[in-house]
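In: Fold the following.
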Amino acid sequence: MNSTFNHPAVYSARSRAVIIVGALLLAALASMVLACVVGSVGVPLTELAAGLMEILRGEPSTMAAVLLELRLGRALAAFATGAALALAGVMMQTLLRNPLADPYVLGVSGGASVGALAAMLAASAAWAVDAGAFAGAMMMALLLYLLARRDLRGSTAAEGRSSLLLLTGVILASGCSALVTLMLSIAPDTSLRGMVFWLMGDLSGVQTSWLPWVVLVAALLFALRAARSINIVALYDEAAATLGVRVGPLRKALFVCAALLTASAVTSAGSIAFVGLIVPHGCRFAFGSDHRLLLPASTLAGGTFLVLADTLARSLLAPQQLPVGVVTAMIGVPVFLFQLHQLHRK
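Out: The predicted structure is shown next:
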């Protein structure tokens, strides 16, 4: 008996997806190894296994093990942050039906910046800065939801009105930017450098935390389960409801997931530019627009990209470390211009 799932084209598409995801997984592992061995003091590959065993036993005694413990924790945080930003970028571009949307477009990162800088002004501990950033991001997301909840009930195109969600987010982001500028202008010199580095995106003081990973895994699992519905909304927004998609709940879920992903990423590393914009675009150019593949591919590519960018940021002028947001911006600008040129040619 023939079945749709036995069609050779289905197997071909599935095999292609498995190959792509497998290759991206290998690239992610390779970026982790590179991040562990490269730095102002190199760690030979021959000492990598022994150092990892010391870390697993909880007794890092050699120089290699100590360096690996520091670098591995930072690389894991970088991967979770980059993956969250890329996944949030895919969700935002689908939610707003705008290829230029990124995780920061709705002002959630602006709320995080206000919360973090307020904690820095109060000379709070590092955990209080993280808590302030997350609280600020969640408060901004809640305010945005309350102001634009009608826009999340269904298809904006079908209802014939402009995107209230996008406009409200832009205005709230502008207000947060004004508050950030005010705090920077009154900040003492002792706090100013740390505040500026946080705003540029910096992983030098990142702390190992399970929260970004929990948010990332939960959001990715939801997105993969809803990938078929996301495909329909992305392609047939006006007719999605007639095709059996519950558009309102899906849009709300995408908004909540994107807000949580952005909040966890910004809390960990500050505002890192271009990851949530160029990675989804690059994966869409390379692998197509099927979200069943685009979602995991963007997640893995985003994490790998930020691990490599952070390795470059701490190695380029070693022992001095650059903010990773500067490196991603320097890479992101020419890459995005190239993508725009390719899109125009198509």
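In: and stretch 303-314, how far from the chain's centre?
Out: Centroid displacement of stretch 303-314 relative to its chain, using C-alpha atoms, centre = their mean, to the nearest Å, is 13 Å.
In: I'd like to know the average pLDDT value across that stretch.
Out: What stretch 303-314 shows for mean pLDDT is 94.
In: cool, stretch 111-127 as well?
Out: 86.
In: list the contacts for Leu192?
Out: Leu184 (C-beta atoms under 8 Å, 6 or more residues apart in numbering). Any C-beta I mention is one placed from the backbone N, CA and C, and that applies to glycine too.
In: buried set for stretch 298-309?
Out: 298-309 (16 or more other C-beta atoms under 10 Å).
In: ugh, wrong one, I meant stretch 325-337
Out: 325-329, 331-332, 335-336.
In: could I get the buried residues of stretch 298-309 as JSON lines with distance to Thr242 and secondary structure?
Out: Shown next, in JSON lines, are the buried residues of stretch 298-309 (distance: C-beta to C-beta, whole Å; DSSP: H, G, I helix; E, B strand; the rest coil):
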{"residue": "Ser298", "distance to Thr242": "29", "secondary structure": "helix"}
{"residue": "Thr299", "distance to Thr242": "31", "secondary structure": "helix"}
{"residue": "Leu300", "distance to Thr242": "34", "secondary structure": "helix"}
{"residue": "Ala301", "distance to Thr242": "34", "secondary structure": "helix"}
{"residue": "Gly302", "distance to Thr242": "34", "secondary structure": "helix"}
{"residue": "Gly303", "distance to Thr242": "37", "secondary structure": "helix"}
{"residue": "Thr304", "distance to Thr242": "39", "secondary structure": "helix"}
{"residue": "Phe305", "distance to Thr242": "38", "secondary structure": "helix"}
{"residue": "Leu306", "distance to Thr242": "40", "secondary structure": "helix"}
{"residue": "Val307", "distance to Thr242": "43", "secondary structure": "helix"}
{"residue": "Leu308", "distance to Thr242": "44", "secondary structure": "helix"}
{"residue": "Ala309", "distance to Thr242": "43", "secondary structure": "helix"}
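In: What is the nearest of the buried residues of stretch 325-337 to Met53?
Out: Val327 (31.8 Å; C-beta to C-beta).
In: mind listing the helices for this structure?
Out: Along the chain, counting by DSSP state H, helices occupy 8-37, 48-57, 63-96, 108-121, 126-148, 156-159, 164-186, 189-200, 211-225, 227-235, 247-269, 275-287, 291-315, 324-345.
In: Just give the closest residue to Pro319, not the sequence neighbours.
Out: Ser40 (4.6 Å; C-beta to C-beta, 6 or more residues apart in numbering).
In: Tell me who's in contact with the residue lying closest to Arg150 once chain neighbours are set aside.
Out: Nearest non-adjacent residue to Arg150, counting by C-beta to C-beta, 6+ apart: Leu164, 6.7 Å away. Counting by C-beta under 8 Å, 6+ apart, Leu164 makes contact with 147-148, 150-151, 156.
In: give me every residue that touches Leu121.
Out: Applying C-beta under 8 Å, 6+ apart, the residues near Leu121 are 183, 186-187, 191.
In: try Arg246
Out: Ser229.
In: For it, give its distance to Gly169.
Out: Separation of Arg246 from Gly169 (C-beta to C-beta, to the nearest Å) stands at 23 Å.
In: give me the number of residues near the nearest residue to Ala80 once chain neighbours are set aside?
Out: Nearest non-adjacent residue to Ala80, counting by C-beta to C-beta, 6+ apart: Pro212, 4.2 Å away. A count of nearby residues for Pro212, using other C-beta atoms under 10 Å, gives 25.
In: List the residues that contact Pro212.
Out: Pro212 neighbours (C-beta under 8 Å, 6+ apart): 77, 80-81, 84, 264-265, 267-268.
In: Columns distance to Arg16 on top of the buried residues of stretch 298-309, output as JSON lines?
Out: JSON lines is the format used below for the buried residues of stretch 298-309 (distance: C-beta to C-beta, whole Å):
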{"residue": "Ser298", "distance to Arg16": "16"}
{"residue": "Thr299", "distance to Arg16": "18"}
{"residue": "Leu300", "distance to Arg16": "15"}
{"residue": "Ala301", "distance to Arg16": "16"}
{"residue": "Gly302", "distance to Arg16": "20"}
{"residue": "Gly303", "distance to Arg16": "21"}
{"residue": "Thr304", "distance to Arg16": "19"}
{"residue": "Phe305", "distance to Arg16": "22"}
{"residue": "Leu306", "distance to Arg16": "26"}
{"residue": "Val307", "distance to Arg16": "25"}
{"residue": "Leu308", "distance to Arg16": "25"}
{"residue": "Ala309", "distance to Arg16": "28"}
